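J.: Build me a model from this:
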Amino acid sequence: MERSAAVERRTAETGIRLALNLDGTGVADIHTGIGFFDHMMTLMTAHGLLDLALVCDGDIEVDGHHSVEDIGIALGDAFKKAIGDKKGIRRYGTFYLPMDEALAFVSLDISGRPYLVYEGGEMAPMIGGFDTELVEEFLRAFAVHAGLTLHVRVLYGRNSHHKVEAIFKALGHALRIAVEHDPKVTGVPSTKGML
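T.: Coordinates of the predicted model:
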């Protein structure tokens, strides 16, 4: 059975429609109004073998903050619904991803205990129309609402585009590993009996 969920989120600042399938093939249909962020979400989707349809009508005339953060919230909510009872999953996912001169590391636990450790290093303030400070805002919102313990670190690199791209691709791969069914796991992968 496919693990999927749809979420609609509407505030005075954003209107979001999102559909997520954890057992997808990497199909992305993403329209946030922020070109670079669309690109990053598409990469995360493709590398995670997720299916993600996302439309956001946000107040990007102000800046991208509300849109990016609220998309993280909506994606986290959809992930939490789609993952369900967490029975039979691998639970943990870790991935190192090289992007030319940059190397990023993402490690996560579908723990139910939200936490973000983020070390992105120095970056240019903007990549196209995207504020690089919003990488951390997106990751925090996603981790909190999905119930993930999430560690993200750029180990080195010079080009900001490459650094952020490595983060999103590594996140996709780590999610793909963690949500995968493990044939050796019959229940919830925790000695506590719940996550």
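
J.: contacts for stretch 49-58?
T.: If you take CB atoms under 8 Å, 6 or more residues apart in numbering as the criterion, stretch 49-58 is touched by 4, 13-22, 24-33, 41, 44-45, 64, 66-67, 70-71, 74-75, 172, 175-176. C-betas here are computed from N, CA, C, even on glycine.

J.: ok, of the residues you listed, which come out buried?
T.: 4, 14, 16-22, 24, 26, 28, 30, 32-33, 41, 44-45, 64, 66-67, 70-71, 74-75, 172, 175-176 (16 or more other CB atoms under 10 Å).

J.: Which of those fall in helices?
T.: The helices, defined by DSSP state H, take in Met41, Met44, Thr45, His66, Ser67, Asp70, Ile71, Ala74, Leu75, Gly172, Leu175, Arg176 from the buried ones among the contacts of stretch 49-58.

J.: ok, the residue lying closest to Gly84 once chain neighbours are set aside - how many residues close by?
T.: Nearest residue to Gly84, sequence neighbours excluded (CB to CB, 6 or more residues apart in numbering): Arg3, at 6.1 Å. Residues within reach of Arg3, counting by other CB atoms under 10 Å, total 17.

J.: for His151, same thing?
T.: Neighbourhood size, His151 [other CB under 10 Å]: 19.

J.: Next: the one 5 residues further on.
T.: Residue neighbour count, defined by other CB under 10 Å, stands at 10 for Tyr156.

J.: Contacts only, for it.
T.: Glu101, Ala102, Leu103, Gly121.

J.: Then Asp100?
T.: Contacts for Asp100 (CB under 8 Å, 6+ apart) come out as Gly157, Asn159, His162.

J.: Local confidence estimate at it?
T.: Model confidence at Asp100, given as pLDDT, is 98.

J.: One more: Thr186?
T.: Predicted confidence (pLDDT) for Thr186: 89.

J.: what's the residue nearest to it when sequence neighbours are not counted in contact with, if anything?
T.: Nearest residue to Thr186 in three dimensions, chain neighbours excluded: Gly88, at 6.9 Å (CB to CB, 6+ apart). Applying CB under 8 Å, 6+ apart to Gly88 gives the contacts His181, Asp182, Val185, Thr186, Gly187, Pro189.

J.: what about the closest residue to Leu20 other than its chain neighbours, how many neighbours?
T.: Excluding its sequence neighbours, the residue lying closest to Leu20 (CB to CB, 6+ apart) is Ala78, at 4.2 Å. Residues near Ala78, counting by other CB under 10 Å, number 24.

J.: element containing Ala78?
T.: helix 65-83 (DSSP states H and E).

J.: Pull out the buried positions in the helix or strand following that helix.
T.: Counting by DSSP H and E, the next helix or strand C-terminal to helix 65-83 is strand 92-99. Residues of strand 92-99 classed as buried by neighbour count (16+ other CB under 10 Å): Gly93, Phe95, Leu97, Met99.
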